[in-house]
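Asker: Sequence below, structure please.
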Amino acid sequence: MPVNLPASLPAVKTLGDENVFVMTKERAQTQDVRPLEIGIANLMPTKIDTETQFLRLLSNTPLQIEVTLIQMGGHMSKNTSRDHLESFYKTLDDIKGRRLDGLIITGAPVETLNFTDVDYWDELCALMNWSKTNVYSTMHICWGAQAALYHHYGVDKFLLDEKLFGVFRHKVLNTTCRMTRGFDDPFLAPHSRRTEVREADVVEAGLEILANSDHAGVYLAASPDRRQFFVTGHSEYDKFTLDSEYRRDIDRGLPIKPPVNYYQNNDPKNPPDMLWRAHAHLLFSNWLNYYVYQETPFNLDELN
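Answerer: Residues are numbered from 1 along each chain as shown. Predicted structure coming up:
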């Protein structure tokens, strides 16, 4: 079944051109099913690209999904038009009276700032607090994962000596967990960050590390009740996202090495290979199936 989207959302055409099945709200309203209510709190500057990346992954299940895009109302986006945000996005104030089956909180390019110095930190904390009683399962991505670990559990982040940038090998630590069901061992996933959380701190906070990497550290962690997941990488990235980030930093004159294990023969003159596509689809379909669809109450008013 498809993701239900407004017909004018740019992702609809992009995904349609890829032969990904999406459904407009008008058609979805004729079907007698309750779709999963999924929110995406999009903190990335390139919001349209990020919308498409996550919607591509959410569409690859037999479940019908109703998506609500969420923005930080107190933050002025420099890379996305006000018309787009007003047309397709809600703020926390807009959705406070609703409940969601699932929520995704994305990464953001603010990782070198102290959490409390981020201009929308208080609003994000309010969203994370709201999610604990109004969302059945939340997946936090990259900086979003670091922010949630800090806010909910007091786990701090630490600056790396150099940017962790590329596609890295990971191993599954809990082979019976449904979140990692079907994963290869090893499996590959992209990272693009300048900070890290430390395994000992995550474990001390009472969380379980489900997958990690000898080079990239913690990759996937979960709360004991499996209603919060923390992904430190960017499995949602498409084939050329790391390439765009690399060339952006070069154009800005920033010190940056080519992303490792990404370009063919590790040469930026060559095209990249997308080596994480299958794992990315599996990560999101496992979350939607096992931790949202099969667990959330049919009547969201019963959520607690």
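
Asker: which sections of the stretch 201-304 of the chain are below the confidence cut-off?
Answerer: When the per-residue scores of the stretch 201-304 of the chain are filtered using pLDDT under 70, the ranges that remain are 299-304.

Asker: And Ser285, which helix or strand is it part of?
Answerer: Remark: Ser285 resides in helix 277-286, with elements defined by DSSP states H and E.

Asker: How about residues contacting that helix?
Answerer: Contacts to helix 277-286, defined as CB atoms under 8 Å, 6 or more residues apart in numbering, come from residues 57-58, 60-61, 178-184, 187-189, 220, 231, 235-236. Heads up, the C-betas are built off the backbone N, CA and C, glycines and all.

Asker: Recalculate using a threshold of 6 Å.
Answerer: Helix 277-286 is contacted by residues 57, 60-61, 179, 181-182, 187, 235 when judged by CB atoms under 6 Å, 6 or more residues apart in numbering.

Asker: Among those, which lie within strands?
Answerer: If you go by DSSP state E, the contacts of helix 277-286 have Phe187 in strands.

Asker: Show me how to select, in PyMOL, the buried members of the contacts of helix 277-286.
Answerer: The following PyMOL line selects those of the contacts of helix 277-286 that are buried, judged by 16 or more other CB atoms under 10 Å:
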select buried, resi 57+60+61+179+187+235
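
Asker: Between the contacts of helix 277-286, which sits nearest Thr68?
Answerer: Closest to Thr68 out of the contacts of helix 277-286 is Leu57 (16.4 Å), distances taken as CB to CB.

Asker: now that closest one: how far from Ile38?
Answerer: According to CB to CB, to the nearest Å, Leu57 and Ile38 sit 11 Å apart.

Asker: what do these two both touch?
Answerer: With contacts taken as CB under 6 Å, 6+ apart, not a single residue reaches both Leu57 and Ile38.

Asker: Enumerate the beta-bridge partners assigned to Ile104.
Answerer: As for beta bridges, Ile104 partners with Ile40, Met139 under DSSP bridges.

Asker: tally of neighbours for it?
Answerer: As a burial measure, the neighbour count of Ile104 was computed by other CB atoms under 10 Å and equals 25.

Asker: Also Asp251?
Answerer: Here the number of neighbours of Asp251 (other CB under 10 Å) works out to 8.

Asker: for it, phi and psi?
Answerer: phi -60, psi -30 (degrees, to the nearest 10).

Asker: Start from the N-terminal end of this protein and give the strands.
Answerer: 3-5, 22-24, 36-41, 65-70, 89-90, 100-105, 135-141, 158-172, 187-196, 208-213, 217-222, 228-231.

Asker: separation between Ala41 and Leu9?
Answerer: Separation of Ala41 from Leu9 (CB to CB) stands at 17 Å.

Asker: dump the residue contacts of Pro45.
Answerer: When contacts are counted by CB under 6 Å, 6+ apart, Pro45 touches Asn79.

Asker: ok, now with 10 Å
Answerer: Residues touching Pro45, when contacts are defined by CB atoms under 10 Å, 6 or more residues apart in numbering, comprise 77-80, 108-110.

Asker: Can you tell me, leaving aside adjacent residues, what's nearest to Lys239?
Answerer: Nearest-residue entry for Lys239: Met274, 4.3 Å, with adjacent residues in sequence omitted and distances by CB to CB, 6 or more residues apart in numbering.

Asker: Likewise for Arg227?
Answerer: Ser137 (5.1 Å).
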